[in-house]
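Peer 1: Let's see this in three dimensions:
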Amino acid sequence: MKMEVITTPEATEFDVVVIGGGPGGYSTALYGASAGLRVAVVEHDKVGGTCLHRGCVPAKEFLETASVVRTVAGAKEFGVQAGQPVVDFAVSQGRKQKVVDQLFKGLAGLMKGRGIVTFDGTGTLLPDHRVRVEPNPGAEGGAFEITGRNVVLATGSAPRTIPGFDVDGRLVLTSDEVLSLEALPASLAVIGGGAIGCEFASMFSDLGCQVTVLEALPTLLTGCDKDVVAVVARSFRKRGITVHTGVKVTGHTPNGAGTTVSFGDGESVTVDAVVVSVGRRPLSERLLADGTGVTVDDRGFVTVDEYQRTTADGVWAVGDVVDTPQLAHVGFAEGILAIKTMLGEAALPVEYSRVPWAIYCHPEVAFAGLTEAQAEEAGIDVVVKKDPFGGNSRARILGETDGLVKVVAERLPDGRAGRILGVHMVGPWVTEQLGQGYLAVNWEATPEEVGQFIQPHPSLSEAFGETVLALTGRGLHVG
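Peer 2: Alright, predicted model coming up:
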């Protein structure tokens, strides 16, 4: 599928030129166009970026396939007789692509409907707010320039790799290649136990693969609350996912159809494929010509202030190309912030310590705000309450009782719980439940205030309400 794009410009001057059409770029363009600005986007591939085509959306589609497999496999517990499910991954790929294409078509139509001009090619910022557009190979016409009163850099990121693991698309894969597989490997090693690594490990395990996770740091999901991590680690063990933490991967030796990965102190594992999931790097190599005045740090991130302004007047940067949490919704927020600041409207910088995080492994993880350890490291005296999903009636009905809700609040001088500092969830559908916790953290609400609100019964969201109520000292089911 190919959206309607322009390779030779009819107009060359715009209010805003956005280089990059991923979440940060298209949100900037859409928000700017809705404010009446004339906007152009330069995109070398397809609008939607990595998130839509090779990241968030296709990964979650496959994770939903994994959820269906778990549901069918456990159907007999509900009195539904079904055989052991068999996955036809080519069909799963077809469904994934259909979902992606539908969303791409919708996004392209929305941008066109708002009058956004999309140029097909690679954009490079020149001095004086000029942008050179180099058409993609095979396109008609040569390079040309457009100009914006403001230019927004939003070129995103690409998977990082590690020495000794050259990506070949067969034995060694990144997220780009994993999400294009037509058949499932029988076994694989996932290098990296962060959010993306845990999602892939969980997904492939549920789809019938034997999975080994190799993580250099002491725990999975570094940065998550320790109680949340413990639930995920326990679930992985119960499902047969082998996890090695605190180990360095040193290389791999192909052996016919598979390869042997070496790690730790002389240890190894033989697998059909290796997934390298060690983070992402900013795509800034071809972004800037000499003389733009834009500063890039030694890791390739574009330097910005709290309002997304670069070191050059009228040039902004949003999304993964800046050193902020690499989350699509953070790119959305940064794009809106940049446009509002351009327009001279009241705008609040993004509070990165309070953004919502969602990790779609099984069990799911979601959180906002400080962990218990982070609060204590900041010198804050805290009071903490936890409510396990095992006592939640809806979780029992679903048969999904692994998990908990944990709320971290500031301890007041009289010992009562003050403002809510962090909300941490692990369990069924917690990525859909975080909203009220996110609002509580960002509004600096207290348990007394949040405890006034009624939770529907029976619901998974009661676990948050119960935990907050317990922090008032008068919990119903949580002590």
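Peer 1: Can you spell out the domain ranges of this protein, please?
Peer 2: 13-53+93-158+281-353, 172-278, 363-471 (automatic domain parsing).
Peer 1: Just put the ones you listed in JSON lines and tack on mean pLDDT.
Peer 2: Below are the domains of the chain laid out as JSON lines (pLDDT from 0 to 100):
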{"stretch": "domain 13-53+93-158+281-353", "mean pLDDT": "96"}
{"stretch": "domain 172-278", "mean pLDDT": "97"}
{"stretch": "domain 363-471", "mean pLDDT": "97"}
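Peer 1: Output the ones you listed in JSON lines, with mean neighbour count appended to each entry.
Peer 2: In short, each C-beta sits where N, CA and C put it, glycine included. Output for those, formatted as JSON lines (neighbours: other CB atoms under 10 Å):
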{"stretch": "domain 13-53+93-158+281-353", "mean neighbour count": "20"}
{"stretch": "domain 172-278", "mean neighbour count": "19"}
{"stretch": "domain 363-471", "mean neighbour count": "20"}
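Peer 1: Which among those domains is found nearest to G79?
Peer 2: domain 363-471 (12.3 Å; CB to CB).
Peer 1: distance between the ends of that closest one?
Peer 2: 25 Å (CA to CA, to the nearest Å).
Peer 1: following the helix or strand where D120 lies, which helix or strand comes up?
Peer 2: Here D120, judged by DSSP states H and E, is contained in strand 117-125. Using DSSP H and E, the next helix or strand after strand 117-125 towards the C-terminus is strand 130-135.
Peer 1: Out of the domains of the chain, which gets nearest to A75?
Peer 2: Closest approach to A75 among the domains of the chain is made by domain 363-471 (10.4 Å; CB to CB).
Peer 1: Centre of the chain to that closest one, how far?
Peer 2: 21 Å (CA atoms, centre = their mean, to the nearest Å).
Peer 1: Go ahead and name everything in contact with the helix or strand containing F464.
Peer 2: Element membership for F464, per DSSP H and E: helix 462-471. Identification of contacts with helix 462-471 by CB atoms under 8 Å, 6 or more residues apart in numbering yields 383, 385-387, 389, 392-395, 404-407, 409, 417, 420, 423, 425, 427, 433, 436-437, 440, 447, 450-451, 453-456, 475-479.
Peer 1: again with stretch 381-397
Peer 2: Taking CB under 8 Å, 6+ apart as the rule, stretch 381-397 contacts 227, 372, 375-376, 400-411, 415-417, 421, 427-428, 457-460, 462-464, 466-468, 470-471, 475, 477-478.
Peer 1: Ok, stretch 179-192 next?
Peer 2: By CB under 8 Å, 6+ apart, stretch 179-192 touches 54-55, 58-59, 62, 87, 89-90, 93, 96, 162, 165, 173, 197, 200-201, 204, 207-215, 249, 258, 261, 269-279.
Peer 1: what do you get if the cut-off is 6 Å, keeping everything else the same?
Peer 2: 54, 58, 89-90, 197, 200-201, 207, 209-210, 212-214, 249, 261, 269, 271-278 (CB atoms under 6 Å, 6 or more residues apart in numbering).
Peer 1: I'd like to know how far the residue nearest in space to the middle of the chain sits from T124.
Peer 2: The centre of the chain sits closest to L327, judged by CA atoms, centre = their mean, with a distance of 4.3 Å. The spacing between L327 and T124, counted by CB to CB, to the nearest Å, is 26 Å.
Peer 1: From the contact counts, what lies against the strand or helix carrying K60?
Peer 2: Assigned by DSSP H and E, K60 belongs to helix 56-73. If contacts are counted by 3 or more CB pairs under 6 Å, 6 or more residues apart in numbering; DSSP states H and E, helix 56-73 sits against helix 89-113, helix 195-206.
Peer 1: out of these, nearest to E140?
Peer 2: The closest approach between E140 and any of these, judged by CB to CB, belongs to helix 89-113 at 20.1 Å.
Peer 1: if we can go back for a sec, distance to A75 for the domains of the chain - can I get that in a markdown table?
Peer 2: Converted to a markdown table, the domains of the chain look like this (distance: least, CB to CB, whole Å):
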| stretch | distance to A75 |
| --- | --- |
| domain 13-53+93-158+281-353 | 20 |
| domain 172-278 | 15 |
| domain 363-471 | 10 |
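Peer 1: so which of these comes closest to V80?
Peer 2: Comparing the domains of the chain under CB to CB, the one sitting nearest is domain 363-471, at 12.1 Å.
Peer 1: I figured M425 was touching V405, is that so?
Peer 2: Yes: in this structure, M425 is within contact of V405 by CB atoms under 6 Å, at 5.1 Å.
Peer 1: returning to that earlier point: show residues contacting the strand holding D120.
Peer 2: By CB under 6 Å, 6+ apart, strand 117-125 touches 5-7, 19, 40-42, 44, 131-136, 288-289, 292.
Peer 1: And P185, how close does it get to V57?
Peer 2: P185 is 22 Å from V57, by CB to CB.
Peer 1: Look up how far Y307 lies from E377.
Peer 2: Taking CB to CB as the measure, E377 falls 28 Å from Y307.
Peer 1: coming back round to it: state the distance from the residue nearest to the centre of the chain to V408.
Peer 2: For L327, the distance to V408 - CB to CB - is 21 Å.
Peer 1: cool, T311 as well?
Peer 2: To V408, T311 is 37 Å away according to CB to CB.
Peer 1: Then A233?
Peer 2: For A233, the distance to V408 - CB to CB - is 20 Å.
Peer 1: hang on, F104 packs against G49?
Peer 2: No: look at F104 against G49 with CB under 6 Å: they stay out of range, at 10.5 Å.
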